[in-house]
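Asker: For reference, the sequence and a predicted model appear below.
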Amino acid sequence: MEFLVTMTTHVPDGTPENAVDDVRAREAAHSRDLAGEGHLLRLWRPPLQPGEWRTLGLFAAASDDELQKVLVSMPLRVWRTDQVTPLATHPHDPGPRTVARRAGQVEFLTTMIVTVPSGTAPEPVADAYDQEGIRLAELADQGHLLRLWRLPGERRSLGHWQARDSGELEGMLAALPLSPWLTFETLALSSHPSDPASGPTDPSSWKDSNR
């Protein structure tokens, strides 16, 4: 099973900086261990306001209980709250694979909701879904669609994309066969120093990185 976890950290006022640095260093080391065990798949930073310390993580675990054990084991958990979203298999997910990051490309997470008006004939809906699968496969082959999951709730999905900018991504989404019935919310992602996809982590890189 895969899970998207929003991790928000609040360091108590008055905590010595050296104590924060120690926890950060242990967090970076433990993140490497979790990546090696196959539990931590990706880490990103969402857009942050001044003073915010928030991270998005893609985790794998056999169950909710196993995921909680993984999250509790992380050193920053002493100051952190976690919001877990279970991710279900999507029939058009290209699956985990190595996709080359192209220069100038930005990663995005996009929540997509399909709302078909009541009374719509089933035939055009079925045809649009068939065409959607074909187009998503093309976007995956082009390196734009990286992953796709089902979210809790009816006809809700989460896409992981890369594109030159939000305008290019929105253009791709607007051209999808389901676009007449599609609403979406896009979140631009930035790199995290402990992201397993970024290679070995230097704990000093946590310095001055919005925590």
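Answerer: Everything's here; your move.
Asker: all contacts plus neighbour counts: C-alpha atoms, from now on.
Answerer: Fine.
Asker: which stretches of this structure form strands?
Answerer: 2-9, 40-45, 54-60, 80-89, 106-114, 145-150, 156-163, 182-191 (DSSP state E).
Asker: Who are the contact partners of residue 147?
Answerer: By C-alpha atoms under 8 Å, 6 or more residues apart in numbering, the contact list for residue 147 reads 93, 94, 95, 96, 159, 160, 161.
Asker: before we move on, back to that, distance to residue 66 and mean pLDDT added to the strands of the chain, as a markdown table?
Answerer: Formatted as a markdown table, the strands of the chain follow (distance: least, C-alpha to C-alpha, whole Å; pLDDT from 0 to 100):
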| stretch | distance to residue 66 | mean pLDDT |
| --- | --- | --- |
| strand 2-9 | 11 | 96 |
| strand 40-45 | 12 | 96 |
| strand 54-60 | 9 | 96 |
| strand 80-89 | 13 | 97 |
| strand 106-114 | 25 | 96 |
| strand 145-150 | 20 | 97 |
| strand 156-163 | 22 | 97 |
| strand 182-191 | 26 | 94 |
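Asker: returning to what we had before: can you pick the most crowded of the contacts of residue 147?
Answerer: residue 161 (23 neighbours; other C-alpha atoms under 10 Å).
Asker: Surely that residue touches residue 111?
Answerer: No. Using C-alpha atoms under 8 Å as the test, residue 161 is too far from residue 111 to be in contact (11.1 Å).
Asker: anything in contact with each of these two?
Answerer: Counting by C-alpha under 8 Å, 6+ apart, nothing touches both residue 161 and residue 111.
Asker: and of the contacts of residue 147, the nearest to residue 59?
Answerer: Lowest distance from residue 59 to the contacts of residue 147 (C-alpha to C-alpha) belongs to residue 96, with 12.5 Å.
Asker: per-residue confidence at the closest one?
Answerer: Per-residue pLDDT puts residue 96 at 85.
Asker: Please parse the chain into its domains.
Answerer: Residue ranges for the domains of the chain, per automatic domain parsing: 2-87, 89-190.
Asker: could those domains be laid out in TSV, adding distance to residue 197?
Answerer: Listed next are the domains of the chain as TSV, based on distance: least, C-alpha to C-alpha, whole Å:
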stretch	distance to residue 197
domain 2-87	7
domain 89-190	9
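Asker: Out of the ones you listed, flag the one nearest residue 196.
Answerer: Among the domains of the chain, domain 2-87 sits nearest to residue 196 (C-alpha to C-alpha), with 5.8 Å.
Asker: so what's residue 7 bridging to?
Answerer: residue 55, residue 82 (DSSP bridges).
Asker: Give me the number of neighbouring residues for it.
Answerer: 19.
Asker: pretty sure it is touching residue 52, no?
Answerer: No. Contact criterion C-alpha under 8 Å: residue 7 and residue 52 do not qualify, at 11.1 Å.
Asker: show me the contacts for residue 62.
Answerer: residue 1.
Asker: Ignore what I typed, I meant residue 191.
Answerer: 43, 44, 45.
Asker: any idea how far residue 163 is from residue 141?
Answerer: 13 Å (C-alpha to C-alpha, to the nearest Å).
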